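Sequence unavailable; structure follows:
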């Protein structure tokens, strides 16, 4: 019983931490750009808001509440368009940022609450307006749990639930996850025979996995924010401003791509 809990706890924590490392996502860009401005409180609250959405998405994906995706799917085009507009405004704000030497030298952390406000809801909106996040965590969770089970780790049956969820999502979306099916077939063929063992309920294990994914994600951004703020003054001011603007431009490009994807879904 404790074995399955420990396995799921560890897998979730590692997945949340390491899958958050790439800096290509909206949350990563926003936190990086604001950490370079010393806005630690804003960064941590943004990470917390994003982690809450990740917790919900992972729990839905793992526990088997995939029927909810059928209702969510019809809203995706609208969410993409609204989300891209929000992303556009955030990108413009980042691009307009211009740090001065005094701001870098006088204080490392911006403690003004007014300048740090809005982080939590920003994190919520950014991740909620990113429909690909659900499918991303759905795929990652399936691969991770299937691999863990195939090497003999006790996942408490969550790998079997994920196998059923693949079929459910395929029926809802009308799309075939060929790579997942292939991996799943290989997994079923090579899966080791393990003696039945007592384990916690799927609900508790799913909540544990989702919660540790969210915490792992928050932990990465916590460490990243502190690292960037601590060492930002070692960078030249023009490089710092250039990096922030580059991140803003990348985010702007993402907003145009999302609105294109949203409009395409109406067709």
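Looks like it arrived, so ask away. Predicted, not measured: the structure shown is a model, and the values here were computed from it. Numbering: from 1, shown residues only.

going forward, measure contacts between C-alpha atoms and count neighbours the same way
OK.

Pull out the buried residues from stretch 16-25.
16-17, 20, 25 (16 or more other Cα atoms under 10 Å).

backbone phi and psi for residue 19, please?
phi -80, psi -10 (degrees, to the nearest 10).

Remind me which helix or strand the residue nearest to it when sequence neighbours are not counted belongs to.
Excluding the flanking residues, the one nearest residue 19 by Cα to Cα, 6 or more residues apart in numbering is residue 217, at 7.7 Å. Using DSSP states H and E, residue 217 sits within helix 202-231.

Distance from that helix to the middle of the chain?
10 Å (Cα atoms, centre = their mean, to the nearest Å).

Surely the residue nearest to residue 19 touches residue 51?
Yes. Between residue 217 and residue 51 there is a contact at 6.4 Å, judged by Cα atoms under 8 Å.

returning to what we had before: neighbours of the residue nearest to residue 19, how many?
28 (other Cα atoms under 10 Å).

what about it, distance to residue 28?
10 Å (Cα to Cα, to the nearest Å).

anything in contact with each of these two?
Counting by Cα atoms under 8 Å, 6 or more residues apart in numbering, the shared contacts of residue 217 and residue 28 are residue 20.

Please tell me the pLDDT value assigned to the residue nearest to the spatial centre of the chain.
Of all residues in the chain, the one closest to the mean position by Cα atoms, centre = their mean is residue 54, 5.5 Å from it. On pLDDT, residue 54 comes in at 94.

which stretches of the chain have low pLDDT?
Judged by pLDDT under 70, the chain has its weakly predicted residues at 1, 24, 64-73, 99-108, 110-112, 114-115, 168-199, 235, 267.

Quick check: closest non-adjacent residue to residue 51.
Using Cα to Cα, 6+ apart and skipping the chain neighbours, the partner closest in space to residue 51 is residue 214 (4.5 Å).
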